[in-house]
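# Sequence and computational prediction follow.
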Amino acid sequence: MREIATTTIVIVLSGLASTAHGQFGGGFSPPKSDPTPPAVAPPAAPTPPPAQVPAVVDDEEDPDAPPARPRTPAAPPETKDQPAERVTCTAPESAWIAKLESADRDAIEGGLGYALPAMGADVKWVGATVKDGAPTFTGKVVIIQSFDVASGGTAVLDKLVTALGTLATDGSVIVVGVQVPSKVEAATKRLEKSKCKANICVDERGAFCDAIGAFKKPINLIVDRNGAIRYAGLSEKGAALASKVLLSEPVVAVNVEQKPKAPVVVTDGGQFPSFTEPLTHCTDLRGQKSPDLSVERWITKQPNMLGKLVIIDFFATWCSPCMAVRPHMNEIARAYAKDIVIVGLSSETNNKFTDGLKRLKLKENDFSYSIALDPASRMQTGFGVRGIPCIAIVSSDQIVRWQGSPQGLTPAVLDPLIAANAKLADAGRSGNNGRGWSK
């Protein structure tokens, strides 16, 4: 194996904290004391208080006065010392409610009162608003609307923006369209050209959609200014009216509780085998949650990893041992195509990777598996990789099941993992009424 030099980057985060004298590190300094005591004057006779003079209001602006600063709402009080709690929700007006199947409504209403789940690294922002980056939710009412561009396009988002009127344009309400993970590559290409005024993102692997209960049918959630889900499954007009209700509420900071994750029930036959061989070139994460798959660029077509056992192959074109095992990895990819996805992940830049292929006289189609680039080495850092080639196998519940070298990928290792993962996926589907994207 080739050793990889490790560079530790220390990031120092500094902020301007509020002080007892004022916010943002400002405030008033106490007056300086004069070392010379003042002369003591004889007490003066008391004088009556001056008469109160009514203030004069001048409707005309002073041309020499500096421009007035726009008023901003006061920041809510700190919540870190408050215990997390589930927020009490009021039932919406019957006229606001959209027509949904009972299973879909049950899935989304289970999150009422809880905090909106975090959007992970697999959520990619696209469309006309992407130039501004991900929207800021803090202090805003947020409408999360799932959709599928292949079925209805962004029409549901346009209707929401229209129903909101000025609330959508003045920044009071943020509309976020979440493309479900269906035909992700084609959907992303279409949405990149979208002129929709809503903020649009693509949930590439479905973890966020699963967390909020968004499956095949479009649904929406209305989130208050503290980040709590207050309404679910409303019509466009209903969502606009609910947003006005939430905007009328005073801003009182609440430490909103996260929804507890339901345990994954797996039959005894679906238990994964354990492996205890010592590891020398990476951190032992076996049995732990895998770091999120971080990819800057897919060299080949992005694979569908849903329900599959994922093999991450840390490699590089400059690494001779890595390239020597390419035929072995190709053989595994072809033999287990139905059950396994292999992702060859290089920390090279696109130019260096392309130059490396030319030097080796290789092309993209010389790999029978998916190839991606992560120049920031986020995944290598997450796995503590100290030498390549290095392999990690992750099951469909995002747990690391095996780590080692490519030579260790044998039927004795792979077959039991595939069998356990298949039963895990079946258990996940049956426990969710057949729904779920990331299982």
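Here it is on my side, so go on.

# Return the distance of the closest residue to residue 377 other than its chain neighbours relative to residue 369.
Spatial nearest neighbour of residue 377, excluding adjacent residues (CB to CB, 6 or more residues apart in numbering): residue 347 at 4.4 Å. Quick note: C-beta positions are derived from backbone N, CA and C, even for glycine. Taking CB to CB, to the nearest Å as the measure, residue 347 falls 17 Å from residue 369.

# for residue 209, same thing?
For residue 209 relative to residue 369 (CB to CB), the value is 26 Å.

# Check residue 118 too.
30 Å.

# Neighbour count for the two, which is higher?
Taking other CB atoms under 10 Å, residue 118 and residue 369 do not tie; residue 369 has more neighbours (20 against 10).

# Got phi/psi on that one?
phi -140, psi 180 (degrees, to the nearest 10).

# With residue 221 instead?
When read as degrees, to the nearest 10, the backbone of residue 221 gives phi -130, psi 140.

# partners of the residue nearest to it when sequence neighbours are not counted in the sheet?
Excluding the flanking residues, the one nearest residue 221 by CB to CB, 6+ apart is residue 144, at 4.5 Å. With DSSP bridges as the criterion, residue 144 is bridged to residue 176, residue 221.

# is it true that residue 144 touches residue 176?
Yes - if you go by CB atoms under 8 Å, residue 144 and residue 176 touch, sitting 5.2 Å apart.

# which sections of this protein are below the confidence cut-off?
1-81, 131-133, 262-270, 425-436, 438-439 (pLDDT under 70).

# Do a quick rundown of the strands in the stretch 301-439 of the chain.
Taking DSSP state E, counting those that start in this stretch as the criterion, the stretch 301-439 of the chain contains strands spanning 309-315, 340-346, 370-373, 387-388, 390-394, 400-404.

# Output the ones you listed in JSON lines; the columns should cover mean neighbour count and distance to residue 328.
Shown next, in JSON lines, are the strands of the stretch 301-439 of the chain (neighbours: other CB atoms under 10 Å; distance: least, CB to CB, whole Å):
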{"stretch": "strand 309-315", "mean neighbour count": "25", "distance to residue 328": "10"}
{"stretch": "strand 340-346", "mean neighbour count": "24", "distance to residue 328": "11"}
{"stretch": "strand 370-373", "mean neighbour count": "20", "distance to residue 328": "16"}
{"stretch": "strand 387-388", "mean neighbour count": "21", "distance to residue 328": "15"}
{"stretch": "strand 390-394", "mean neighbour count": "25", "distance to residue 328": "11"}
{"stretch": "strand 400-404", "mean neighbour count": "22", "distance to residue 328": "13"}
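
# Any chance of the ones you listed in CSV with distance to residue 199 as columns?
Formatted as CSV, those follow (distance: least, CB to CB, whole Å):
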stretch, distance to residue 199
strand 309-315, 29
strand 340-346, 29
strand 370-373, 26
strand 387-388, 38
strand 390-394, 30
strand 400-404, 33
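
# ok, now which ones touch residue 294?
121, 374, 376, 378, 379, 382 (CB atoms under 8 Å, 6 or more residues apart in numbering).

# Specify which member of these is nearest to residue 413.
residue 379 (21.0 Å; CB to CB).

# so who does that closest one touch?
By CB under 8 Å, 6+ apart, the residues touching residue 379 are 291, 293, 294, 312, 314, 345.

# Show me what counts as buried in stretch 289-303.
Going by neighbour count (16 or more other CB atoms under 10 Å), the buried part of stretch 289-303 is 290, 291, 293, 294, 295, 299.

# Then stretch 169-183?
172, 173, 174, 175, 176, 177, 178, 179, 180, 181, 182.

# Reformat these as TSV; add distance to residue 388 and secondary structure.
Output for the buried residues of stretch 169-183, formatted as TSV (distance: CB to CB, whole Å; DSSP: H, G, I helix; E, B strand; the rest coil):
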residue	distance to residue 388	secondary structure
172	50	coil
173	48	strand
174	42	strand
175	44	strand
176	38	strand
177	39	strand
178	35	strand
179	34	strand
180	35	coil
181	30	coil
182	34	coil
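
# if we take the residues you listed, which one ends up nearest to residue 355?
Using CB to CB, those come closest to residue 355 at residue 181, 33.4 Å.

# In this structure the closest one contacts residue 205, no?
Yes - between residue 181 and residue 205 there is a contact at 6.0 Å, judged by CB under 8 Å.

# Using a markdown table, please lay out the contacts of residue 379 together with distance to residue 92.
Listed next are the contacts of residue 379 as a markdown table, based on distance: CB to CB, whole Å:
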| residue | distance to residue 92 |
| --- | --- |
| 291 | 39 |
| 293 | 37 |
| 294 | 39 |
| 312 | 44 |
| 314 | 49 |
| 345 | 45 |
